[in-house]
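> Fold the following and give me the result.
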Amino acid sequence: MSRFNTRPRWGRYVPKLPPVPIAKKGPRSRLNRRQSPTRVRLAPIFSVLIASMLPLLVPIVTDMPILPPFGFMVFVGWRLLRPGLWPLWVGFPFGLFDDLCSGQPFGSGALLWSVLLLALELWEQRQLGRDFVMDWLIVAIAIIFVLLGGAYMVGLTQMPPSMLGLLPQIGISLLLFPLIMRGVAAVDRWRLAS
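Predicted structure coming up:
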């Protein structure tokens, strides 16, 4: 006799399978996990918005700009880490929010961030590969473009700031970019965890 019980079913014998053992309680498998859709969508957005508000929270009073554009650096960090994450028009609302938080003339950040996002998209289509040095060079050009463009926009409405006064801000921004990129990568790992 076989070890499986058989019983007749519609004129033939079908083996009866043994019962399935009950799964043991233990750590969840990291394979075949589902991420939270809310966290996946909102983590990049809120990270850029919080980084744009960061200069408002740091009480530094100087006669020249020193704090780097954190919101812009996080925005570019997300763009370099996940190129297809956002559509091309997303630079406009992020730039407007950054203008509200930074005190720049309203619309200057929206214009500069949108132009830069279009330039990055064209650059991505033409290049074959990228490494950390190339990313740093892209960010250096982007930061210089945005800071000089913002100073020019301020000069249209008020007395223009000296361009030499922007050198410490540019230098601090370029030195802080690897830390910003590590922070963006940490937020990305958190948002994709189950």
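
> ok, the residue nearest the centre of the chain to Leu156 distance?
Central residue of the chain (CA atoms, centre = their mean): Trp78, 2.7 Å from the mean position. Distance of Trp78 to Leu156, computed by CB to CB, to the nearest Å: 29 Å. Bear in mind the C-beta positions are built from the backbone N, C-alpha and C, glycine included.

> now Leu122
27 Å.

> Ok, Val61 next?
In terms of CB to CB, Val61 sits 25 Å off from Leu156.

> In this structure, mark out all the strands, start to finish.
Applying DSSP state E to the chain gives strands spanning 6-9, 12-15.

> ok, of those, where does mean pLDDT dip lowest?
Per-stretch mean pLDDT for the strands of the chain is lowest at strand 6-9 (a mean of 52).

> Tell me where the model's unsure across the protein.
1-33, 160-161, 194 (pLDDT under 70).

> give me that answer again for 90
Applying pLDDT under 90 to the chain picks out residues 1-41, 54-69, 80, 82-86, 88, 99-109, 120-139, 147-170, 172, 190-194.

> tell me the helices in it, going along the chain?
Listed in chain order, the helices of the chain (DSSP state H) span residues 37-57, 70-81, 91-102, 108-126, 132-157, 167-192.

> Single out the most deeply packed of these.
helix 70-81 (a mean of 24; mean count of other CB atoms under 10 Å).

> by contact count, what packs against that one?
Packed against helix 70-81, as judged by 3 or more CB pairs under 8 Å, 6 or more residues apart in numbering; DSSP states H and E, are the following elements: helix 37-57, helix 91-102, helix 108-126, helix 132-157, helix 167-192.

> For Leu85, which of these is the nearest?
When the helices and strands packed on helix 70-81 are compared by CB to CB, helix 37-57 sits nearest Leu85, at 6.2 Å.

> same for that closest one, what does it pack against?
helix 70-81, helix 91-102, helix 167-192.

> Would you format the ones you listed as TSV with distance to Ile143 included?
Shown next, in TSV, are the helices and strands packed on helix 37-57 (distance: least, CB to CB, whole Å):
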stretch	distance to Ile143
helix 70-81	7
helix 91-102	13
helix 167-192	5
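
> okay but the residue nearest to the centre of the chain is in contact with Phe46, surely?
No. Trp78 lies out of contact with Phe46 (CB atoms under 8 Å); the separation is 11.5 Å.

> on that earlier part again, pipe the helices and strands packed on helix 70-81 into CSV and attach distance to Pro83 per row.
What follows is the helices and strands packed on helix 70-81, written out as CSV (distance: least, CB to CB, whole Å):
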stretch, distance to Pro83
helix 37-57, 12
helix 91-102, 14
helix 108-126, 6
helix 132-157, 11
helix 167-192, 13
